[in-house]
Each structure stands twice: as structure tokens, then as C-alpha cells.
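Asks: Can you look at this prediction? I've put the sequence above it.
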Amino acid sequence: MSIFKRTFTSLYASIDQMVGEIENHDALIDAAIKEQKKKIAAARVQLRRVEASEKRIDDQLAQLCINAKLWTQRAAVEAKDQANEQQALMCLQRRQKVQQKIEKLQLMKDEYRHSTDRMQQDISQCEQDLTAMTQKHQMMRARQSTSDAMQIVERDSGIGLETIENSFDRWEVKISQSELTVDRLDDGVDFIEQEYLQEENEQQLRFELAQLLLQDKTVSDAQDQGEAS
């Protein structure tokens with residue numbers, strides 16, 4: 001259950017305990033609605049901060065992608081000379097480290113996106129609940145006004161507000177129950193596959209180096225044929 005729902009349910013649980021003792025139910029609910037508005041406003045501030053953090057991650061990812069491309073170009077230059085094979089491999093290793101950072105940041109970005117989506121859904125749901133509560137509050141005010149008018153007219157008959165107050169109690173319980181949400185399970189990140197990738201890493205690097213050498217040889221052969229013709 002989100003913090004916004006817990007706050008909302010806890011707030012009305014307190015109301016449920018006090019409703020039998022406090023006569024001015026209208027003022028009590030009005031105060032609760034105002035408090036919930038403050039909570040939603042605070043939640044939106046937090047959401048904007050999370051979205052700003054996500055934007056910073058996007059900027060870091062863009063820069064790392066540029067760095068990865070740069071190390072690839074450096075490895076290609078070094079691979080032209082067989083004597084610089086080790087230097088070329090070091091360039092690819094540096095590129096690999098950059099790619100690992102990219103993967104970690106991408107996972108972090110995915111978590112931020114999951115969190116922001118969930119927060120937006122929770123805030124939206126709370127706003128819908130608040131709108132419904134406000135509308136019901138207005139209806140109850142109208143009913144109370146009608147009841148007061150009827151009580152004045154029928155005072156001598158002994159009809160009071162007891163029935164309406166009991167209905168109000170049941171109404172409050174129903175609202176609290178309707179605001180309960182199902183638990184959400186956060187998706188975890190599975191890193192087991194990375195253990196297998198480590199063994200294949202050296203072979204992958206050498207394969208990429210061989211591809212670079214092959215591309216360079218193809219270009220050189222084409223140039224030689226052009227000069228010969």
C-alpha cells in the first residue's frame with residue numbers, strides 16, 4: 001500500500017474512532033479533505049524531484065554512449081598495427097567498462113521509471129478518491145440541511161438525527177474500506193546472467209578485434225587493387 005493510501009486510510013480510521021463523540025461531522029470531514037490536499041501537493045513535489053533525477057541519468061547515459069564510441073574508434077586505430085594488439089584490447093576493455101556503466105545506469109533509469117509511473121498512478125488515484133470524497137461531502141451537507149429543516153418541522157413528533165448519524169458512520173466505514181489497495185510487488189533485478197557473460201567476455205573482445213582487423217584488411221586490399229589498376 002502506498003504512503004498516500006496509508007495516510008488516507010489512517011486519517012479516516014481516526015475519524016471513525018471520533019465520529020461517535022464529535023457532533024460536528026461536517027467540520028471534521030472538511031478538515032480531513034484539506035489535510036489530504038496537502039499530502040497530495042507534497043507528493044507531487046517529491047514526484048518532480050524523482051523526475052529530475054531521472055533526467056540527470058539520461059544525460060549521463062548520453063555522455064557514456066559518446067565515450068563508448070570513442071573507445072571503439074581508438075581500438076580500431078590501434079588494431080591496424082599487430083604490434084599494438086594489446087593496446088587495442090585495452091581500448092576495448094575501457095569501452096567494456098563504459099558499457100557496464102551504461103547497463104547499470106539503464107537499470108537505475110528503469111527503476112526510476114517504474115517508481116515515477118507508480119507514484120503518478122497513486123497520486124491520480126488519490127485525487128480521484130479526494131474528488132469523490134468532496135462530492136459525497138457536498139451531498140452529505142445537502143442531506144444535513146434537509147434533515148435540519150425536517151427536524152424543525154417534525155420536532156414534536158420526536159424524529160431526530162440519530163438515523164442519519166448512523167448512516168454517516170456506515171458511510172465512513174465503507175469509504176475507508178474502498179480505499180484499500182492491493183500490495184504491489186517491486187520487480188527485482190536479476191544479475192545471474194552476468195556471471196556467465198564474464199567467461200565469454202575475453203572471447204567476445206578478441207572476436208571484435210578480429211572483425212576490426214578484417215575490416216581494415218578489406219579496405220587496404222581495395223586500395224591496393226585500385227592503385228594496381
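Replies: Okay, I see it. Residues are numbered from 1 along each chain as shown.

Asks: Please count neighbours and contacts with C-alpha atoms only from this point.
Replies: Fine.

Asks: list the buried ones in stretch 116-136?
Replies: 116, 119, 122-123, 126, 129-130, 133 (16 or more other Cα atoms under 10 Å).

Asks: Redo those as JSON lines? Include distance to D110, pLDDT and secondary structure.
Replies: Listed next are those as JSON lines, based on distance: Cα to Cα, whole Å; pLDDT from 0 to 100; DSSP: H, G, I helix; E, B strand; the rest coil:
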{"residue": "T116", "distance to D110": "10", "pLDDT": "88", "secondary structure": "helix"}
{"residue": "M119", "distance to D110": "14", "pLDDT": "90", "secondary structure": "helix"}
{"residue": "D122", "distance to D110": "18", "pLDDT": "89", "secondary structure": "helix"}
{"residue": "I123", "distance to D110": "20", "pLDDT": "89", "secondary structure": "helix"}
{"residue": "C126", "distance to D110": "24", "pLDDT": "89", "secondary structure": "helix"}
{"residue": "D129", "distance to D110": "28", "pLDDT": "88", "secondary structure": "helix"}
{"residue": "L130", "distance to D110": "30", "pLDDT": "87", "secondary structure": "helix"}
{"residue": "M133", "distance to D110": "34", "pLDDT": "88", "secondary structure": "helix"}
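
Asks: so how far is stretch 54-72 from its chain's centroid?
Replies: Centre-to-centre, stretch 54-72 and its host chain are 22 Å apart (Cα atoms, centre = their mean, to the nearest Å).

Asks: again, but for stretch 48-66
Replies: Put simply, stretch 48-66 sits 15 Å off its chain's centre (Cα atoms, centre = their mean).
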